[in-house]
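Novice: here is a sequence together with a model predicted from it:
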Amino acid sequence: MDGTALIGSQPSQPKLTSVKALAEAPGLSSLPSSHTFPIHPNDEQLPVSDTNESIPTVDFSLLTSSNPDVRSKMIQELGNACQDWGFFMVTNHGVPESLVNEMIEACRQFFELTEEEKAEYEGKHVLDPIRSGTSFNASVDKVLYWRDYLKIFQHPEFHSPNKPPAFREIAMEYSRRVRQVAKELIRGISQSLGLEDHYIEKAVNLENSLQIMIANLYPPCPQPKLAMGLPTHSDHGLVTLLIQNGIRGLQVQHNGKWVNVDPIPNSFLANIGDHVEILGNGKYKSVLHRAVVNNRDVRISIALSNGPALDSAISPASKFLEDGRSPPAYRAMKYKEYVELQQSNKLDGKSCLERIRNTRI
Ligand SMILES: O=C(O)CCC(=O)C(=O)O
Ligand SMILES: [Fe+2]
């Protein structure tokens, strides 16, 4: 039956089609109105940079060097990258390229499952540990994004779909390796902020950190200029590490322009999230980014969000407030509430962070 293209179970509601099924429908030559933005999303705001801006690189092997001079030089560069871009590439991270490729392949196979199989993981609540769906939050998105997703909690409890069969083992190893990289980056960021290297780790209870895998599928789109993969947003956690299948689509906001990111092979794309901005009392800003789509290639990206523990309440580090002249720029909020807030609403720039910002009287 034709219903294989549809997900959703309540008969009273129109069933929601995954973009994969839409894109593969025979004869699709124009974008369905459900996915068409009234104003071309690229036109309403900033221009796309036509220069090849070079995104900073952090050499992970130098960041973790036993030579203190080498390490402190890299920490300085990491700090500059956080301050100037909020975004950088991580090279020489030690996670095998084969494991990265297996992870991308396992996600590709997940998206290849039938719509009924994927619907098993639909999830009812934004904090359900496995959720598969389309757009960002289809219950509130007026225009749907050209994107299907799979979101899985990897830590402190590990979860995995049962299909495809190899997924569990690959994801377990991949997320464990990425956590190690994230932990070192967080130590470096802590030091670059002038805090003790374990400060952030302790403040956020990193041992119980919430790590979420977000796999994104962006099928070829018949009218890419009228559609959007993911709208402008910042990430809620501390550090996100992203891999992709070699197809361009990520854009990062920098100096009033959108910059296309072409990663160097075998590197992670890293960006700081709202909770680094909060801890540093605004010294480093979480970076705005978005995903655009194309009409030729399937793009897969996998973001691993590394955040605080769900039950820890995060507020600016006391060091930034000690001189008495800097009030806390953000109110403390439990990470669980913050994630719930972000995931239950429209994905809209930094609107979530704005809600906890203290405005000066
Ligand atoms: O697909 C991308 O490159 C971006 C994905 C992303 O920003 C996210 O999952 O939060
Ligand atoms: Fe993101």
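Specialist: Received the coordinates, thanks. Ligands and ions are numbered 1, 2, ... in the order given.

Novice: ligand 1 contacts on this protein?
Specialist: Ile214, Asn216, Leu230, Asp235, Leu242, Gly249, Leu250, His289, Ala291, Ser301, Ala303 (C-beta under 6 Å from any ligand atom). In this view, the C-beta of every residue, glycine as well, is placed from N, C-alpha and C.

Novice: farthest pair within the residues you listed?
Specialist: Within those, two members stand farthest from each other by C-beta to C-beta: Asp235 and Gly249, at 16.2 Å.

Novice: returning to what we had before: helices - which of the residues of the chain next to ligand 1 land there?
Specialist: With helices identified by DSSP state H, none of the entries of the residues of the chain next to ligand 1 belong to them.

Novice: adding neighbour count, write those residues out as JSON lines.
Specialist: Conversion of those to JSON lines gives the following (neighbours: other C-beta atoms under 10 Å):
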{"residue": "Ile214", "neighbour count": "18"}
{"residue": "Asn216", "neighbour count": "24"}
{"residue": "Leu230", "neighbour count": "24"}
{"residue": "Asp235", "neighbour count": "26"}
{"residue": "Leu242", "neighbour count": "21"}
{"residue": "Gly249", "neighbour count": "23"}
{"residue": "Leu250", "neighbour count": "25"}
{"residue": "His289", "neighbour count": "24"}
{"residue": "Ala291", "neighbour count": "22"}
{"residue": "Ser301", "neighbour count": "23"}
{"residue": "Ala303", "neighbour count": "22"}
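
Novice: surely Ser351 is in contact with Asn345?
Specialist: Yes: counting by C-beta atoms under 8 Å, Ser351 does reach Asn345; the two are 7.3 Å apart.

Novice: count of residues packed around the spatially closest residue to Ile300 that is not a sequence neighbour?
Specialist: Leaving out its chain neighbours, the residue that sits closest to Ile300 by C-beta to C-beta, 6 or more residues apart in numbering is Asn245, at 4.4 Å. By other C-beta atoms under 10 Å, the residues close to Asn245 number 17.

Novice: I'd like to know how far Asn245 sits from ligand 1.
Specialist: Using C-beta to the nearest ligand atom, to the nearest Å, Asn245 is found at 10 Å from ligand 1.

Novice: for Glu105, see how far away that residue is.
Specialist: 9 Å (C-beta to C-beta, to the nearest Å).

Novice: wait, what's in contact with Met213?
Specialist: Leu150, Lys151, Ile152, Gln154, Ala171, Ser175, Ile302, Ala303, Leu304 (C-beta atoms under 8 Å, 6 or more residues apart in numbering).

Novice: most neighbours of all those, which one?
Specialist: Ranked by neighbour count (other C-beta under 10 Å), the contacts of Met213 have Leu304 at the top, with 28 neighbours.

Novice: who's that residue bridged to?
Specialist: Met213, Leu241 (DSSP bridges).

Novice: correct me, but it touches Gly237?
Specialist: No: Leu304 lies out of contact with Gly237 (C-beta under 8 Å); the separation is 9.3 Å.

Novice: anything in contact with each of the two?
Specialist: Between them, Leu304 and Gly237 share the contacting residues Ile212, judged by C-beta under 8 Å, 6+ apart.

Novice: which residue packs closest to Ala329, ignoring adjacent ones?
Specialist: Closest to Ala329 by C-beta to C-beta, 6+ apart is Gly282, at 4.6 Å.

Novice: would you mark the buried spots in stretch 317-335?
Specialist: Judged by neighbour count (16 or more other C-beta atoms under 10 Å), stretch 317-335 contains these buried residues: Ala317, Phe320, Pro328, Ala329, Tyr330, Met333, Tyr335.
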